[in-house]
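Participant: Would you be able to build a 3D model of this:
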Amino acid sequence: MFALITWQVLADGPLLRLDARLSRLLVDPDRFSELLADLGNVQVAVPVLAVAAVRAALRGRAAGVDRWWLPAAAAAVVMALVPALVVPLKEWTDRPGTPVVPSAAGYYPSGHTATAAVAYGGAVLLLLPRLRSAAARWVLVLAAAALVLGASYGLVRRGYHWPLDVVASWCLGTVLLVLLRSLLSRSSRRRSAGTPGSRTGPS
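Facilitator: Next up is the predicted model:
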């Protein structure tokens, strides 16, 4: 999906005309949409991930887990990949913004959407294993989804981004979250293999 959208942006394909029509239907700049868009700001989203990472690290250390710092480090690395990937893509695609924003280029993909997806989604992946209640787990997942969707809607409604900019960043964010989940799963398997209870001694 990400490759398809990127190709359409570079080739000025028919999807961009549909994108422009959808944008005209949705754009209606107001204060509320601007506040929603701010949920994707680095200053708002990244501290949420940082708090979740610190909490996961402290709980792991208190439990005597080997390499208790690894999940937090993995989350930090994946978060750092967002600008490392988004900035070159913006320069490469050089997509102009909507008529609402000042004349410029470099709006594809949406950095705010990718930041929100990885920060809030990463916080869920760090905290979810610590929650025993199914209700609490659902609340955490739904809250993160609401934050990402709220930021996405605000960016389009305010006119800061075309809808396809946001959808492409959902795809990019999904790939990065799958990477983070894989890193966390490997860390969990290593911890399980290293616990004394998992080893059998001579009888």
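
Participant: Give the closest residue to Leu180 in space, chain neighbours not counted.
Facilitator: What sits nearest to Leu180 in space, not counting adjacent residues and going by Cβ to Cβ, 6 or more residues apart in numbering, is Val78, at 4.4 Å. Backbone N, C-alpha and C define where each C-beta goes, glycine included.

Participant: what about Val82, neighbour count?
Facilitator: Neighbours of Val82 under the rule other Cβ atoms under 10 Å: 24.

Participant: swap that for Val87, sorry
Facilitator: With other Cβ under 10 Å as criterion, Val87 counts 12.

Participant: per-residue pLDDT, it?
Facilitator: Turning to Val87, the model gives it a pLDDT of 97.

Participant: One more: Val44?
Facilitator: pLDDT, Val44: 97.

Participant: How about the contacts made by it?
Facilitator: Asp38 (Cβ atoms under 8 Å, 6 or more residues apart in numbering).

Participant: so when I look at Tyr91, I'm seeing a helix, right?
Facilitator: You called it Tyr, but residue 91 is Glu. Yes: under DSSP: H, G, I helix; E, B strand; the rest coil, Glu91 sits within a helix.

Participant: contacting residues around it?
Facilitator: Counted by Cβ under 8 Å, 6+ apart, Glu91 has contacts Gly106.

Participant: Make residue 1 into 6 and carry on from there
Facilitator: That works, and once the first residue is 6, the last one we named lands at Glu96.

Participant: tell me the pLDDT at it?
Facilitator: Glu96 is assigned 95 on the pLDDT scale.

Participant: I'd like the distance between it and Cys176.
Facilitator: Distance from Glu96 to Cys176, counting by Cβ to Cβ, to the nearest Å: 19 Å.

Participant: Thanks a lot, see you next time.
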